[in-house]
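Q: got a sequence here, can you model it:
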Amino acid sequence: MLAFQIQYGLQNPDSLLWSNLSVAASGGLVATPLGIGIGWNITGWSNTRRWVSFTPGQRLEQGEKIRVSFKCTINDSLADSTRGWDGIRVGVYGGSDIDSIRFHPGGTAGRRVEVDLINTSNRSSAYLYIGGTTKEAVGSPAMRLEDLQVRRISRPRYIWVDDPTEIQKAQVRAFRLLLLVRTSKRSLPARQEAWESIADLPPIDPGASSDGKASALFERIIPVVNNGI
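A: Here you go, the predicted model:
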């Protein structure tokens, strides 16, 4: 073995992707804030497709699962089963495609809506949207959205540290083990480019050594099941 290192993965505090703080209305909608950080009253829905989107843009990887949670209240014009919605779509967009799922707000004021979405493509800047169309352009359909929270619930991302503080130890959720070893082979099948330093491990040329043997880097991430170390 040439070198090794152990790093500690802290729970990423930025797991909250979107909240109530920023919204952009589209296609004739009007978003009126209920108060800072509380929610929005969305008016102007009709029988043409309209939506609200939430910023900032977030990087999402293919296969990631996110959970969308909020309180939803719709007025009589929107709730009417004859002319209003029988379902609303919530999803993420960015790039050339959209992933969305349908939910039913019901007629209960302040009903908690919670849906899970699977992101099906890599998106460098994805946005959350909530929208749809009414059956008829009648009445004054309005939707009240409160307490929006959108979080990653799979493929956790870690912040790696070498020497966690006492407070950080309670946030450790994984270990990262890096091993730099000398292999038994005398030469590489094809010469590789020299590695830059990884964490605190030194840079190394895999094909250059005093005895001609190759080098290999092994990385393992081990989740922990308790509350820190």
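
Q: show me where the protein has its helices.
A: 76-79, 166-169 (DSSP state H).

Q: of these, which is nearest Gln5?
A: Closest of the helices of the chain to Gln5 is helix 166-169, at 17.2 Å (criterion: C-beta to C-beta). For the C-beta atoms, the positions are set from N, CA and C on the backbone; glycine is no exception.

Q: so Ser125 sits against Gly94, correct?
A: Yes: with contact defined as C-beta atoms under 8 Å, Ser125 counts as touching Gly94 (5.4 Å).

Q: how close does the residue positioned nearest the centre of the chain get to Glu136?
A: Central residue of the chain (C-alpha atoms, centre = their mean): Arg152, 4.3 Å from the mean position. Look at Arg152 and Glu136: by C-beta to C-beta, to the nearest Å, they are 38 Å apart.

Q: re earlier: which of the helices of the chain comes out lowest on mean pLDDT?
A: Among the helices of the chain, helix 76-79 has the lowest mean pLDDT, at a mean of 80.

Q: which residues does that helix contact?
A: For helix 76-79, the external contacting residues (C-beta atoms under 8 Å, 6 or more residues apart in numbering) are 45, 83-85, 105, 107, 134, 138-143.

Q: now stretch 61-70
A: Looking at what lies outside stretch 61-70 - C-beta under 8 Å, 6+ apart - the contacts are 17, 39, 60, 90, 92, 112-122, 128, 145-155.

Q: one more: stretch 96-109?
A: 72-74, 79, 85-93, 111, 113, 115-121, 129, 143.

Q: out of the residues you listed, which end up buried?
A: Buried by 16 or more other C-beta atoms under 10 Å: 72-74, 79, 85, 88-93, 113, 115, 117, 119, 121, 129, 143, out of these.

Q: just the ones of those residues in strands?
A: 72-74, 88-93, 113, 115, 117, 129, 143 (DSSP state E).

Q: and for the nearest residue to Arg67 once chain neighbours are set aside, the neighbour number?
A: Nearest non-adjacent residue to Arg67, counting by C-beta to C-beta, 6 or more residues apart in numbering: Ile153, 4.9 Å away. Ile153: 12 surrounding residues under other C-beta atoms under 10 Å.

Q: residues touching Ile153, list them.
A: Taking C-beta under 8 Å, 6+ apart, we find Ile153 in contact with Lys65, Ile66, Arg67, Asp116.

Q: mind checking how far the third one is from Leu128?
A: Arg67 sits 12 Å away from Leu128 when distances are taken as C-beta to C-beta.

Q: which of those two has more neighbours?
A: Between Arg67 and Leu128, counted using other C-beta under 10 Å, the more crowded position is Leu128 (23 against 15).

Q: quick check: closest non-adjacent residue to that one.
A: Using C-beta to C-beta, 6+ apart, the closest residue to Leu128 is Phe54 (4.3 Å).
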